[in-house]
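> For reference, the sequence and a predicted model appear below.
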Amino acid sequence: MLNLILFGPPGSGKGTQAAKLVEKYQLIHISTGDLLRSEITNETALGLEAKSFMDKGHLVPDEVVIGMISSKLDDNPTAAGFIFDGFPRTIAQAEALDNLLEFKEAPIRALIEIKVGEEELKKRLLERGKTSGRPDDQNLEVITNRIQVYRRETSPVANFYSSQDKHIEVYGEGTIDDIFNSLCAVIDKLA
Ligand code: AMP
């Protein structure tokens, strides 16, 4: 099993690249942001609870997202592997993920961090907000908050996997294809 974390701040291109990578490597894409947005669209109780956090650019509580990941793993018992996108975002989530994967005897192989400068992130998110329909992409204050939350609460997850010797960095500015090729070069060395 090839289990990867695609890591990086909001707007670093994780979703775009994950969609291309799952096709090439036949993996399952798990995006907690997408799962949460689908809960909101379906007007579930979970979606209603999550929306108030997401609209402000805050993190949804750990137990909510960990529960979603656990059922997604159970739904795909024969998967060749998973690409986690937007998860884990806290150390508690990383510990929970490691525990879930331990049962499958298929630990995370690598956390691949896509590095993008802050000005570029803001530019990309505002641009995406024109078409994504996402309220959290349409307000500079919320965007800035999401980037701050990333630096404060999420970036320690990279150190968590560095200490397991699994942290790899890829330069994330340039064309989608350039970045995809850099990611493939890294993944081909792991596979
Ligand atoms: P994303 O689509 O990954 O940019 O996520 C959009 C929003 O969903 C985030 O700003 C958070 O409010 C929430 N979210 C997504 N994934 C997580 C997670 N792993 N932990 C907590 N909140 C999350």
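The structure has been received and is ready for your questions. Residues are numbered from 1 along each chain as shown.

> Taking the protein, what residue is nearest to the ligand?
Nearest residue of the chain to the ligand: residue 33, at 1.9 Å (C-beta to the nearest ligand atom). In short, each C-beta sits where N, CA and C put it, glycine included.

> ok, and the closest non-adjacent residue to that residue?
Spatial nearest neighbour of residue 33, chain neighbours left out: residue 86 (4.6 Å); criterion: C-beta to C-beta, 6 or more residues apart in numbering.

> contacting residues for that neighbour?
Residues in contact with residue 86 (C-beta atoms under 8 Å, 6 or more residues apart in numbering) are 14-15, 31-33.

> In the helix or strand where residue 141 lies, which residues are buried?
Using DSSP states H and E, residue 141 sits within helix 140-149. Of the residues in helix 140-149, those buried by neighbour count under the rule 16 or more other C-beta atoms under 10 Å are 142-143, 145-147, 149.

> likewise stretch 31-48?
Neighbour counts over stretch 31-48 (16+ other C-beta under 10 Å) mark 31-33, 35-37, 39-40, 46-47 as buried.

> That stretch - what's its average pLDDT?
Across stretch 31-48, pLDDT averages out at 97.

> distance between the ends of that stretch?
End-to-end distance of stretch 31-48 (C-alpha to C-alpha, to the nearest Å): 18 Å.

> what's in contact with it?
Stretch 31-48 is contacted from outside by 14-15, 18, 50-51, 54, 60, 64-65, 68-69, 72, 85-87, 89, 134, using C-beta under 8 Å, 6+ apart.

> Drop anything exposed from those residues.
Among the contacts of stretch 31-48, those scoring as buried are 14-15, 18, 50-51, 54, 60, 64-65, 68-69, 72, 85-87, 89 (criterion: 16+ other C-beta under 10 Å).

> Determine which two of those residues are furthest apart.
Using C-beta to C-beta, the pair of the buried ones among the contacts of stretch 31-48 lying farthest apart is 18 and 51, separated by 23.0 Å.

> Just the pLDDT at the residue nearest to residue 117 when sequence neighbours are not counted, thanks.
Using C-beta to C-beta, 6+ apart and skipping residues adjacent in sequence, the residue nearest residue 117 is residue 173, 7.0 Å away. Reported pLDDT at residue 173 in the predicted model: 97.
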